[in-house]
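Participant: I would like the atomic coordinates for the input below:
(chains A and B)
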Amino acid sequence: MIVTEKSLRRTSLMDFLSSKKISVSLVVITFFVVAGLTAPYIAPHDPTKQSLDKANLPPIWVEGGDPKYLLGTDSLGRDILSRLLHGASVAFYVSITATCIVSSVGTLLGLLAGYIRGKFDELLMRIIDIWMSFPPVILAIAFISVLGTGINNVVLAIAIVDWTRFTRVVRSEVLATREKDFVATAVTAGFSTNYIIWREIFPNILPLIIVLSTLEMGIAVAVEVLLSFVGLGVKPTTPSWGTMLSDGLLTFRTNPYAFVFPLLATVVVVLSLNLLGEGIREKLDPKLEVIGK
Amino acid sequence: MPITSYYLFKRFMQSVIAFLGATFISFVIFRVLPGDPVSLMVGPGVTEQYIAELRAYYRLDQPLISQYIYWLTDLFTLNLGKSFRYGADVATLILERLPATLELVFASLIIASLLGIFTGVVAAVKRRIDTFLQTVSLAGLAIPHFLWALILVVLFAAILRIAPASGRLDLGLVIPRITGFYLIDSIITGNAEAFFSALKHIILPAFSLAIGMMTLIQRTLRSRMIDVLNEDYILTERMKGHSETYILFVRALKNALMPVITIIGIQFVFLLGGSTVVEKIFGWPGIGNLLFTAVQYRDYTLIQGIIMVYAIIAIVVNFLIDILYTYINPRVEFK
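Facilitator: Numbering: from 1, shown residues only, chains lettered A, B, ... in the order given. You can find the predicted model right below:
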């Protein structure tokens, strides 16, 4: 039993990387995660240091570029590359922590509601229905307006808003899984509910959880950028792709680079996370269809 | 049709419960979370007496449940309280700007449905176009509304300069308020210049909102159409000698449309949420823009009212979509 599991795992790792969607998006995401983690060491400049005599420099490959500022500077003379690197660390910090919270809460509640059913399930589903009648972005804005801005409140707002969708999808998958023969066998064999949930059902819904978590990471990156863009995300002094976008949009005519680079970074990361989710979905279970992202 | 009316009644009651739940959440968010709303609103340097008066005005000195009941009865008489920042009635402020938001949201729904359905049908029959659409649709699905808005505003308003970057109408043009929908009002008054100006202004924000839903409709319809086109009755239609266009867009489409309506229902709430930031990016004078101003000034009565209205729009539209669904497919079962 254990032997087959191991060999299965090994083949699937090779199999995974053979998917173009997975390998390409993994390379891109790893690049940005590493960039974010090492930002304090590799960023050539202080991302918040303003030098007005160096304002609005273009990237070095454009005429007038300064070799010290690889991607140029924004309207306040801050180094765009350094801000992008620090912005990557903000984006992935929010994305990873929010996804951890959302997926743990969603998995736990989804498993309980789907397997135990009854009053708890009914109540939880009604709460989720009501919760989901609010547009998610608006709920997040409402929470931030009460909690205040700041990176951890952004994480909290994303978690408070997104646990519902995750729970619901996990629950419906659990509902389908619990009807399978191996669960009935385990029940007949007298295993405890706890054992059945974690050893029989959980491994079977793990593929779905991985796919949902990858997609959630993409959503979280987008929401952080969105909230920071409208001034409700990280503190204005923290370099984030969202604050870079809102600053850059104001000076787009004179300095398009300050806007285009953070836009590219956001689009590439969000696309890659979605591509990764789709690639994993195709590999793990071609039948899985996640709608209503 | 007793079953349908029974279904409609149940569905209506479900909306009522969702509505009550939504009112409770919008009420509770601003009272249970840390921080007293009044002290958050006024900031430091105000007399104790003023704070006490405000607390009494907002009934914060009473138990939570009676506060909620007061608030709910006020809601039904459209008394949403006074805005702290504007000094005006919250309901009036919202109603003034609501048509702008609805016009934008409905315009993007129409664009998404028409283009999504058209490309979905085409993708089901034309292989080469299909491959192309499959590739671009990933971007359509993954990129959120506000990023599309930023891409479109820079591309078409700043670089190509073929569409305006902000507002609803060119300066100097006036449209008398009849419905509040500029596109409709300008037609009613026969003002062609205003109509085209309004159209020019709405196209970019509406498109930014439409792209995501359009892609989803296209993808869903494509796979459904491929199934439907293999069914026997399509062959019968062909033998009857109907034109291919008629078979595709009338006979086949009618049967393939069901999941599309479900998708529109699921996705609408995301589109509505996305409209807030899109309004901000395009300077669109709707309630989304109002929400950001309200948040900036910590105008909690106004924030609460706006959030409430968004939830109501979502609930009503989802109810209408479900009715439409029952109408098209009378076999629908209520779970």
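Participant: what's the closest non-adjacent residue to the residue in the stretch 101-250 of chain B positioned nearest to chain A?
Facilitator: Nearest to chain A in the stretch 101-250 of chain B, going by C-beta to the nearest C-beta, is B:A142, at a distance of 3.7 Å. Any C-beta I mention is one placed from the backbone N, CA and C, and that applies to glycine too. Among residues not flanking B:A142 along the chain, A:N274 sits closest, at 3.7 Å (C-beta to C-beta, 6 or more residues apart in numbering or on different chains).
Participant: can you tell me the helix or strand for the one you found?
Facilitator: Using DSSP states H and E, A:N274 falls within helix A:257-284.
Participant: show me what that helix is packed against.
Facilitator: Counting contacts by 3 or more C-beta pairs under 8 Å, 6 or more residues apart in numbering or on different chains; DSSP states H and E, helix A:257-284 packs against helix A:2-18, helix A:20-37, helix A:80-116, helix A:202-229, helix A:241-250, helix B:127-142, helix B:145-152.
Participant: now do it against helix B:145-152, angle only.
Facilitator: When axes from the mean of the first three to the mean of the last three C-alpha atoms, to 10 degrees is applied, the directions of helix A:257-284 and helix B:145-152 differ by 130 degrees.
Participant: now do the contacts for the residue nearest to B:A142.
Facilitator: Contacts of A:N274 were listed using C-beta atoms under 8 Å, 6 or more residues apart in numbering or on different chains, and they are A:L215, A:G218, B:L138, B:L141, B:A142.
Participant: out of these, give me the two with the largest separation.
Facilitator: Based on C-beta to C-beta, the longest span within those runs between A:L215 and B:L138 and measures 12.6 Å.
Participant: who has more neighbours, those two?
Facilitator: When neighbours are counted by other C-beta atoms under 10 Å in any protein chain shown, A:L215 and B:L138 differ, and A:L215 comes out ahead with 24 against 16.
Participant: from chain B, how far off is the more buried one?
Facilitator: For A:L215, the distance to chain B (C-beta to the nearest C-beta, to the nearest Å) stands at 9 Å.
Participant: need phi/psi at A:T73.
Facilitator: Backbone geometry at A:T73, expressed as degrees, to the nearest 10, gives phi -130, psi 160.
Participant: find the nearest non-adjacent residue to it, please.
Facilitator: Closest residue in space to A:T73, ignoring its immediate chain neighbours: A:L57 at 4.4 Å, by C-beta to C-beta, 6+ apart.
Participant: give me the element that neighbour is part of.
Facilitator: Secondary structure (DSSP H and E) places A:L57 outside all helices and strands.
Participant: can you check the pLDDT for it?
Facilitator: Residue-level confidence at A:L57 comes out at 85, pLDDT.
Participant: how many other residues sit next to it?
Facilitator: The burial metric for A:L57, expressed as a neighbour count using other C-beta under 10 Å, is 22.
Participant: for it, give its distance to chain B.
Facilitator: Taking C-beta to the nearest C-beta as the measure, A:L57 and chain B are separated by 20 Å.
Participant: what's that residue in contact with, if anything?
Facilitator: Contact analysis of A:L57 by C-beta under 8 Å, 6+ apart lists A:G64, A:G65, A:D66, A:Y69, A:G72, A:T73, A:G77.
Participant: drop anything exposed from those residues.
Facilitator: For those, burial is judged from neighbour counts taken by 16 or more other C-beta atoms under 10 Å in any protein chain shown, and it is met by A:G65, A:Y69, A:G72, A:T73, A:G77.
Participant: so the fourth one sits right up against A:K54, yeah?
Facilitator: Yes - the pair A:T73 and A:K54 qualifies as a contact (C-beta atoms under 8 Å) at a distance of 5.3 Å.
Participant: any residues in contact with both of those two?
Facilitator: Common neighbours of A:T73 and A:K54, counting by C-beta under 8 Å, 6+ apart, are A:D66.
Participant: around chain B, pick out the residues from the stretch 101-250 of chain A.
Facilitator: A:126-127, A:129-139, A:141-147, A:218, A:222, A:225-226, A:229-232, A:245, A:249 (C-beta under 8 Å from any C-beta of the partner chain).
Participant: what do you get if the cut-off is 6 Å, keeping everything else the same?
Facilitator: For the stretch 101-250 of chain A, the residues in contact with chain B (C-beta under 6 Å from any C-beta of the partner chain) are A:I130, A:S133, A:F134, A:P135, A:P136, A:V137, A:I138, A:A142, A:S145, A:V146, A:A222, A:L226.
Participant: any weak-confidence spans in the chain?
Facilitator: Looking at chain A here, since you left the chain open. Counting by pLDDT under 70, the low-confidence segments of chain A come to A:1-13, A:285-293.
Participant: meant chain B actually
Facilitator: Across chain B, residues meeting the criterion (pLDDT under 70) sit at B:1-3, B:32-44, B:329-335.
Participant: the residue most distant from the middle of it, which is it?
Facilitator: Among the C-alpha atoms of chain B, the one farthest from their average position, using C-alpha atoms, centre = their mean, is that of B:M239, at 43.0 Å.
Participant: ok, now which ones touch that residue?
Facilitator: Applying C-beta atoms under 6 Å, 6 or more residues apart in numbering or on different chains to B:M239 gives no contacts.
Participant: so how far is B:M225 from it?
Facilitator: In this structure, B:M239 and B:M225 are separated by 20 Å, where distance is defined by C-beta to C-beta, to the nearest Å.
Participant: can you check B:E279 too?
Facilitator: Distance check for B:E279 against B:M225: by C-beta to C-beta, it reads 34 Å.
Participant: for those two, indicate the residue with more neighbours.
Facilitator: For B:E279 versus B:M225, neighbours defined as other C-beta under 10 Å are more numerous around B:E279 (26 against 23).
Participant: quick check, that one in contact with B:L290.
Facilitator: No - if you go by C-beta atoms under 6 Å, B:E279 and B:L290 don't touch, sitting 8.8 Å apart.
Participant: check contacts around A:T193.
Facilitator: Taking C-beta under 6 Å, 6+ apart as the definition, A:T193 has no contacts.
Participant: against chain B, how distant is it?
Facilitator: Taken as C-beta to the nearest C-beta, the spacing of A:T193 relative to chain B amounts to 26 Å.
Participant: would you list the phi and psi of that residue?
Facilitator: Geometry field for A:T193 lists phi and psi as phi -60, psi -40, criterion degrees, to the nearest 10.
Participant: how many residues are close by the closest residue to chain A within the stretch 151-300 of chain B?
Facilitator: Chain A sits closest to B:G273 of the stretch 151-300 of chain B, with a gap of 2.9 Å, by C-beta to the nearest C-beta. Residues lying near B:G273 (other C-beta under 10 Å) number 25.
Participant: for A:V260, same thing?
Facilitator: With neighbours defined by other C-beta under 10 Å, the count for A:V260 comes to 17.
Participant: repeat that for B:L171.
Facilitator: By other C-beta under 10 Å, neighbour count at B:L171 equals 6.
Participant: and what of B:I159?
Facilitator: By other C-beta under 10 Å, the residues close to B:I159 number 12.
Participant: for the spatially most central residue of chain A, which residues are in contact?
Facilitator: The geometric centre of chain A, computed from its C-alpha atoms, lies nearest to A:M217 (C-alpha atoms, centre = their mean), at 1.2 Å. Under the criterion of C-beta under 6 Å, 6+ apart, the contact list for A:M217 reads A:S95, A:T99, A:L273.
Participant: surely the last one is in contact with A:G218?
Facilitator: The one in question is A:L273. Yes - using C-beta under 6 Å, A:L273 is in contact with A:G218, at 3.4 Å.
Participant: now the residue of the stretch 151-300 of chain B closest to chain A: closest residue in space that isn't a chain neighbour?
Facilitator: Closest to B:G273 by C-beta to C-beta, 6+ apart is A:P135, at 2.9 Å.
Participant: ok, now A:R78?
Facilitator: A:R78 sits nearest to A:Q50 (C-beta to C-beta, 6+ apart), 5.8 Å away.
Participant: that neighbour contacts A:D79, doesn't it?
Facilitator: No - look at A:Q50 against A:D79 with C-beta under 6 Å: they stay out of range, at 10.2 Å.
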